[in-house]
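Participant: Next come a sequence and a model predicted from it.
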Amino acid sequence: MTGPAQAARCDWRSLPIAALLVAVLATPALAQTAAKEPLPVPIGWLKVEQPAPPILSNLAPPPADTGLAGARLGREDNATTGSFMGHDYQLTETLVPEGEDALAAARSALAATPFLLVDAPAQTMIQIADLPEAQGALIFNIARGEDSLRGADCRRNLLHTAPSDSMLTDALMQFIAWRQWSDLVLIEGEHPGDAEFSAALEASATKFGQKIAARKTWAFDADMRRNASAEVPLFTQDFGDYDLLLLSDTLDDFDRYIPFNTWLPRPTGGTEGIVPAAWSPSVEQSGAAQLQSRFIDLNGREMQSADYAAWAAVRAVGEAVTRLNSSDPAALRDFLLSDQFQLAGFKGRPQSFRDWNGQMRQPIPLVSDRAVVALAPIEGFMHQVTELDTLGTDRAESACSAFSD
């Protein structure tokens with residue numbers, strides 16, 4: 001458990017970049033290192049495009065550079081320190097069009113760099129991690145939340161800066177338990193991702209002593225842009241009384257039409273309403289406003305969760321290279337999984353990787369459209385090591401064996 005004295009302690013891991021650079025330049029050995037030939041640190045970004053399922057509205061389509069924009073900012077941030085240290089960070093970008101050979105593209109990317117950020121379906125990500133060319137590499141999952149990737153399907157060379165589904169749903173259920181909202185109901189979409197997120201909600205409810213009393217499947221094919229005010233009240237009427245309506249709509253198809261149209265005036269949470277996320281434009285504390293501003297200046301839009309995960313992956317590599325003055329992926333992996341690594345992630349607490357499944361520990365903001373409602377872990381949820389491990393799969397619960405040797 002982290003106490004006030006420990007949180008207030010300042011050591012070299014928690015120094016801001018400017019202070020670190022002063023220390024670097026004041027240290028003769030490191031200053032001499034910085035004067036040597038540049039150390040190349042190539043980092044790759046690879047996205048496998050997927051067919052977009054039809055949804056009711058394309059009112060807010062995801063940006064075309066989702067994730068990539070965060071990687072670009074991470075590279076810029078790494079270059080700030082790297083210019084003093086003699087580290088040359090380069091970012092290569094690979095977009096695999098729908099239907100083309102993702103594994104061939106991954107082989108080509110891995111021939112240029114041992115550090116690869118991947119945005120791809122879970123099964124494709126596993127196949128990339130299993131490539132012979134990837135065995136000495138470090139691959140970062142920057143997009144997928146499936147707990148199986150951190151469990152039975154984990155891979156030794158695959159780390160995760162995207163939070164798992166269970167981290168997100170645990171964060172939400174901590175907040176619900178703290179508010180003492182005990183009567184919960186759920187509406188779930190028909191997409192496979194909706195069922196997976198619903199299962200995570202159910203598991204988190206059980207974990208924190210909650211119960212989802214009733215659930216319904218959204219199977220409407222009518223245009224809710226015109227019919228929501230008539231259909232949604234009838235659809236939710238037989239839920240009876242409840243404290244919170246959970247929504248599981250991972251495609252952002254129907255959930256936007258549920259709030260303010262339910263039979264009873266009740267809050268919503270999950271994929272709409274109170275939403276757990278890796279990042280949100282509403283996050284402003286702990287220096288986040290400065291990160292948001294730099295992202296907007298570079299990319300002309302606001303930072304999203306996938307951007308944050310990509311930024312965190314690139315910055316994790318940069319932090320490890322800075323500390324070790326090495327770009328050896330095996331050495332960097334050992335450092336990233338050690339208790340020596342910490343990343344200042346602008347969410348109020350140092351972030352690190354779990355050494356049993358490669359998941360980055362991180363606070364989870366619970367956000368509405370324009371504000372942060374709370375930041376999980378919620379105060380009062382205790383853990384023997386760090387409260388961040390109350391979010392997601394803990395060591396004793398893990399089905400991952402690839403990190404045990």
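Facilitator: Happy to help now that I have it.
Participant: domains of the protein?
Facilitator: 4-163+279-362, 166-276 (automatic domain parsing).
Participant: and the longest one, average pLDDT?
Facilitator: Domain 4-163+279-362 shows a mean pLDDT of 89 in the predicted model.
Participant: how much space between T206 and A313?
Facilitator: 31 Å (CB to CB, to the nearest Å). In short, each C-beta sits where N, CA and C put it, glycine included.
Participant: neighbour-wise, which of the two wins?
Facilitator: Neighbour tally, T206 and A313, criterion other CB atoms under 10 Å: the higher count belongs to A313, 31 against 12.
Participant: Surely that one touches V118?
Facilitator: No - with contact defined as CB atoms under 8 Å, A313 does not count as touching V118 (9.5 Å).
Participant: where do the contact lists of the two overlap?
Facilitator: 140, 142 (CB atoms under 8 Å, 6 or more residues apart in numbering).
Participant: Determine how far stretch 167-177 lies from the middle of the whole chain.
Facilitator: 15 Å (CA atoms, centre = their mean, to the nearest Å).
Participant: Do a quick rundown of the strands in the stretch 201-350 of the chain.
Facilitator: With DSSP state E, counting those that start in this stretch, the ranges of strands along the stretch 201-350 of the chain come out as 211-217, 244-248, 268-270, 275-276, 343-344, 350-351.
Participant: wait, which of these is closest to E100?
Facilitator: strand 244-248 (31.1 Å; CB to CB).
Participant: Measure how buried A69 is and give me the count.
Facilitator: 23.
Participant: Just give the nearest non-adjacent residue to it, would you?
Facilitator: N299 (4.3 Å; CB to CB, 6 or more residues apart in numbering).
Participant: Regarding the closest residue to L337 other than its chain neighbours, what is its secondary structure?
Facilitator: Counting by CB to CB, 6+ apart, L337 lies nearest to D355, which is 4.4 Å off, once chain neighbours are set aside. Per DSSP: H, G, I helix; E, B strand; the rest coil, the local secondary structure of D355 is coil.
Participant: gap between D355 and P363?
Facilitator: 19 Å.
Participant: out of the two, which sits in the more crowded spot?
Facilitator: Between D355 and P363, counted using other CB under 10 Å, P363 has the larger neighbour count: 22 against 15.
Participant: Is that one in contact with A376, as I believe?
Facilitator: Yes - using CB under 8 Å, P363 is in contact with A376, at 6.4 Å.
Participant: which one of the strands of the stretch 201-350 of the chain lies closest to A105?
Facilitator: Nearest of the strands of the stretch 201-350 of the chain (CB to CB): strand 343-344, 28.1 Å.
Participant: Within the sheet, what are the partner strands of that closest one, with directions?
Facilitator: Here strand 343-344 is paired, per DSSP bridges, with strand 350-351 (antiparallel).
Participant: Can you give the distance from the partner strand to the centre of its chain?
Facilitator: Per CA atoms, centre = their mean, the displacement of strand 350-351 from the mean C-alpha position of its chain is 13 Å.
Participant: which helices and strands sit right next to whichever helix or strand comes after that strand?
Facilitator: Remark: after strand 350-351, the chain's next helix or strand is strand 364-367, criterion DSSP states H and E. Applying 3 or more CB pairs under 8 Å, 6 or more residues apart in numbering; DSSP states H and E, we find strand 364-367 packed against helix 165-179, strand 275-276, strand 372-376.
Participant: Any chance of CSV for the ones you listed, columns mean neighbour count and distance to A289?
Facilitator: CSV is the format used below for the helices and strands packed on strand 364-367 (neighbours: other CB atoms under 10 Å; distance: least, CB to CB, whole Å):
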stretch, mean neighbour count, distance to A289
helix 165-179, 25, 22
strand 275-276, 25, 20
strand 372-376, 19, 12
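Participant: will you turn the ones you listed into TSV that also has distance to G86?
Facilitator: Below are the helices and strands packed on strand 364-367 laid out as TSV (distance: least, CB to CB, whole Å):
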stretch	distance to G86
helix 165-179	37
strand 275-276	40
strand 372-376	37
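Participant: Looking at those, spot the one closest to L246.
Facilitator: L246 sits nearest to helix 165-179 of all the helices and strands packed on strand 364-367, at 8.2 Å, using CB to CB.
Participant: mind checking how far the helix or strand following that closest one is from the chain centre?
Facilitator: Once helix 165-179 ends, the next helix or strand along the chain (criterion: DSSP H and E) is strand 183-188. Centroid separation between strand 183-188 and its chain, computed with CA atoms, centre = their mean, is 24 Å.
Participant: Then stretch 113-124?
Facilitator: Relative to the chain's own centre, stretch 113-124 is displaced by 14 Å; criterion: CA atoms, centre = their mean.
Participant: got the CA positions of it in CSV?
Facilitator: Listed next in CSV are the C-alpha coordinates belonging to stretch 113-124 (Å, rounded to 0.1, in the frame of the first residue of the first chain):
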residue,chain,number,x,y,z
THR,A,113,13.0,-2.6,-35.7
PRO,A,114,12.7,-4.9,-32.6
PHE,A,115,10.1,-2.5,-31.1
LEU,A,116,6.6,-2.7,-32.7
LEU,A,117,3.3,-1.1,-31.7
VAL,A,118,0.4,-3.2,-33.0
ASP,A,119,-3.2,-2.3,-33.6
ALA,A,120,-4.8,-5.5,-34.8
PRO,A,121,-7.4,-8.1,-33.9
ALA,A,122,-6.5,-10.2,-31.0
GLN,A,123,-5.8,-13.4,-33.0
THR,A,124,-3.7,-11.5,-35.5
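Participant: How about that stretch, which residues are buried there?
Facilitator: When burial is assessed from 16 or more other CB atoms under 10 Å, stretch 113-124 yields the following buried residues: 113-120, 122, 124.
Participant: Make JSON lines from those residues and add distance to H87 and secondary structure to it.
Facilitator: Below are the buried residues of stretch 113-124 laid out as JSON lines (distance: CB to CB, whole Å; DSSP: H, G, I helix; E, B strand; the rest coil):
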{"residue": "T113", "distance to H87": "14", "secondary structure": "coil"}
{"residue": "P114", "distance to H87": "15", "secondary structure": "coil"}
{"residue": "F115", "distance to H87": "13", "secondary structure": "strand"}
{"residue": "L116", "distance to H87": "18", "secondary structure": "strand"}
{"residue": "L117", "distance to H87": "18", "secondary structure": "strand"}
{"residue": "V118", "distance to H87": "23", "secondary structure": "strand"}
{"residue": "D119", "distance to H87": "25", "secondary structure": "strand"}
{"residue": "A120", "distance to H87": "28", "secondary structure": "coil"}
{"residue": "A122", "distance to H87": "32", "secondary structure": "helix"}
{"residue": "T124", "distance to H87": "31", "secondary structure": "helix"}
